[in-house]
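**Q** this one's structure only:
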């Protein structure tokens, strides 16, 4: 069945096309009488008419869509950030004018990152928000910025300047090390997320800095997961047990890594915090309901999301807007695992 056009609708109603366009428009509906507006909208609904969004984009100069890049749609913290960003973007906005998010998962693959950027730009998104950026993606982001505003959230990059909304990951790592030192631990270790991501790299730096200051030994010195997943967390236990100096506490760079470690310990008849104290990151829902709840870092989801949304709103209105990158403080949530 052929798609009903606005011209078809106007002929069925016996009015000109401009009248139909105004009656269905959020911005120009006041130019026709209330009776005509109601008649047109009722008939459009009955006939299943839907507007040509690309044509509307060309007329308005806006698509009311944004592209959002995330490395992992299974990451609860990232999903929370995305949800909050969209909520802030559409707060106090009429439903007909809501922004629709187009969400792409990169899997931390540069080729997929670039493909999704091109797809977003081809659909004339009003802006792009990247939660997935690494230093490998700088050139693609700079090219995209020529066509639409680009905002970074969660992950920063150092080789180019973009408006950003971030967590202080260095301070988060430092908080964890300080907490473990205060509990009397002298040999500790990290299960690091992939260091290509600035979030994990900064957590490593902050943790190591306090370890050095407090004279804590990191052993093994480096366990880097290939991906920040529970399966990788399980694999880390062997390296911890085989180290010449046995760690008594572990900082897992996210809760998924911590959960994998906990499962590996269970399989090896070990328990936490008796055999290993464990700290995670992100304060996921499952971290709260474990038999021994997980000490973790609460990510500043609300603050990061709000600032990212504010940057997008401002840059859509004015590409020359004098933006400010903001870095928000995390919070240590102390529970039974330490």
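**A** Nice, thanks for sending it over. Just so you know, these numbers come straight off a predicted model, no measurement behind them.
**Q** what ranges do the strands span in this protein?
**A** Shown for the chain, the strands assigned by DSSP state E span residues 65-70, 100-105, 127-130, 150-153, 164-167, 187-191, 217-218, 249-252, 277-279, 296-298, 326-328, 331-333.
**Q** In JSON lines: these, plus mean pLDDT.
**A** Listed next are those as JSON lines, based on pLDDT from 0 to 100:
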{"stretch": "strand 65-70", "mean pLDDT": "97"}
{"stretch": "strand 100-105", "mean pLDDT": "96"}
{"stretch": "strand 127-130", "mean pLDDT": "97"}
{"stretch": "strand 150-153", "mean pLDDT": "98"}
{"stretch": "strand 164-167", "mean pLDDT": "98"}
{"stretch": "strand 187-191", "mean pLDDT": "97"}
{"stretch": "strand 217-218", "mean pLDDT": "95"}
{"stretch": "strand 249-252", "mean pLDDT": "98"}
{"stretch": "strand 277-279", "mean pLDDT": "98"}
{"stretch": "strand 296-298", "mean pLDDT": "98"}
{"stretch": "strand 326-328", "mean pLDDT": "98"}
{"stretch": "strand 331-333", "mean pLDDT": "98"}
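**Q** residue contacts, residue 264?
**A** 233-237 (Cβ atoms under 8 Å, 6 or more residues apart in numbering). (Glycine included, C-beta is placed from N, CA and C.)
**Q** Mind checking which of these are in helices?
**A** If you go by DSSP state H, these have 233-237 in helices.
**Q** quick one: least confident helix or strand in the chain?
**A** Ranking every helix and strand in the chain by mean pLDDT, DSSP states H and E puts helix 53-60 at the bottom, with a mean of 51.
**Q** picking up where we left off before, which one of the contacts of residue 264 sits in the busiest neighbourhood?
**A** Counting neighbours by other Cβ atoms under 10 Å, residue 233 comes out on top of the contacts of residue 264 with 28 neighbours.
**Q** What are the neighbouring residues in contact with it?
**A** 191, 225, 252, 256-264.
**Q** Same question for residue 132.
**A** 69-71, 106, 108, 113, 155.
**Q** and it, how far is that from residue 175?
**A** Per Cβ to Cβ, to the nearest Å, residue 132 is found 25 Å from residue 175.
**Q** cool, and residue 92?
**A** 35 Å.
**Q** Comparing the two, which residue is more hemmed in?
**A** Between residue 92 and residue 175, counting by other Cβ under 10 Å, residue 175 is the more crowded of the two (22 against 5).
**Q** If the nearest residue to the more buried one once chain neighbours are set aside is in a bridge, with which residues?
**A** The shortest distance from residue 175 to any non-neighbouring residue, by Cβ to Cβ, 6 or more residues apart in numbering, is to residue 332 (4.8 Å). Listed beta-bridge partners, residue 332: residue 297 (assigned using DSSP bridges).
**Q** Could you list which residues are in contact with the closest residue to residue 80 other than its chain neighbours?
**A** Computed as Cβ to Cβ, 6+ apart, the closest residue to residue 80 that is not its neighbour in sequence is residue 301, at 4.9 Å. For residue 301, the contacting residues are 77, 80-81, 84, by Cβ under 8 Å, 6+ apart.
**Q** from those residues, which single one is nearest residue 297?
**A** residue 77 (9.9 Å; Cβ to Cβ).
**Q** Now do the closest residue to residue 309 other than its chain neighbours, the pLDDT please.
**A** Nearest non-adjacent residue to residue 309, counting by Cβ to Cβ, 6+ apart: residue 88, 3.4 Å away. Here, the pLDDT recorded for residue 88 equals 96.
**Q** same thing with residue 22?
**A** At residue 22, the model reports a pLDDT of 80.
**Q** and it, how many neighbours?
**A** Neighbours of residue 22 using other Cβ under 10 Å come to 18.
**Q** thought it was touching residue 41?
**A** No: the pair residue 22 and residue 41 fails to qualify as a contact (Cβ atoms under 8 Å) at a distance of 11.3 Å.
**Q** Contacts only, for residue 22.
**A** By Cβ under 8 Å, 6+ apart, the contact set of residue 22 is 28-29, 31-32.
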